[in-house]
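Novice: curious how this folds, go ahead:
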Amino acid sequence: MGRYRPPAKKGSPYITVEGMAALEQELDCLWNKRRPLVVKALSTAAAEGDRSENAEYIYRKKELGEIDRRVRFLSKRVDEVKVVSDTPKKTNQIFFGAWVELEDDDGELIQYRIVGPDEFDSEKGFISMDSPVAKALMKKLEGDDVTIKTPGGVINYYINRVQYQSF
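Specialist: A predicted model of the protein is given here:
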């Protein structure tokens, strides 16, 4: 028997309209396109005879299990997230969905978008609202100075711009 692992802490239940569309698209692709192909390949492999030594059968069985786990997760997550599509009244203040341009002490510019935990992507500059950086930025105004504690040390930023459409 394995070690006990407590359930993972659930992320915030908020998501942008684009994030929700991406989750629904992934769910649709898995269920309607990928799963039927794997089921067909699995039945072909099963028809070949002895399943205990059939690598193709074993591989497809595992792949189908992974797809089904992801489909279950996405189905539950799509039902429990709340889509945030409204722009706040104070557009110069940082809330969920904001695009933020920060300037560090060296004058380097960094752009982030604060999104839900299901849609963060560091390459695009999307950070989760549950991250330490986003928590430090929330409710700050354009023109404010922010001090953020990171594992690498303390970083100071100046908030150059806040907007609710991409830069």
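Novice: what packs against the helix or strand where Ile114 lies?
Specialist: Ile114 is located in strand 109-115, with elements delineated by DSSP states H and E. The elements that strand 109-115 packs onto, with contact taken as 3 or more Cβ pairs under 8 Å, 6 or more residues apart in numbering; DSSP states H and E, are strand 99-104, strand 126-128, helix 132-137. Quick note: C-beta positions are derived from backbone N, CA and C, even for glycine.
Novice: now do the last one: everything it contacts.
Specialist: Helix 132-137 is touched from outside by 94, 100, 112, 114, 127-129, 146-150, 159, with contacts defined as Cβ atoms under 8 Å, 6 or more residues apart in numbering.
Novice: quick one on the thing from earlier: nearest to Ile58 among the helices and strands packed on strand 109-115 would be which one?
Specialist: strand 126-128 (36.1 Å; Cβ to Cβ).
Novice: after the lengthiest helix in the chain comes which helix or strand?
Specialist: Using DSSP state H to define each element, the chain has its longest helix at helix 55-80. Using DSSP H and E, the helix or strand that directly follows helix 55-80 along the chain is strand 82-84.
Novice: so how far is that following strand off the chain centroid?
Specialist: A distance of 14 Å separates the centroid of the chain from that of strand 82-84, by Cα atoms, centre = their mean, to the nearest Å.
Novice: stretch 44-54 too?
Specialist: Averaged C-alpha coordinates place stretch 44-54 at 38 Å from its chain's average position (Cα atoms, centre = their mean).
Novice: what of stretch 23-38?
Specialist: Chain-centre distance of stretch 23-38: 18 Å, with Cα atoms, centre = their mean.
Novice: and the lowest-mean-pLDDT helix or strand in the chain, what does it pack onto?
Specialist: The element with the least model confidence among the helices and strands of the chain, by mean pLDDT, DSSP states H and E, is strand 145-150, at a mean of 90. Of the remaining helices and strands, those touching strand 145-150 by 3+ Cβ pairs under 8 Å, 6+ apart are helix 132-137, strand 153-163.
Novice: which stretches of the protein have low pLDDT?
Specialist: In the predicted model of the chain, residues 1 satisfy pLDDT under 70.
Novice: one more time with 80
Specialist: When the per-residue scores of the chain are filtered using pLDDT under 80, the ranges that remain are 1-2, 7-11, 167.
Novice: residues contacting Ile114?
Specialist: Residues counted as contacts of Ile114 (Cβ under 8 Å, 6+ apart) are Ile94, Phe95, Phe96, Gly97, Ala98, Val100, Ile127, Ser128, Met129, Ala134, Leu137, Met138.
Novice: all set, thanks.
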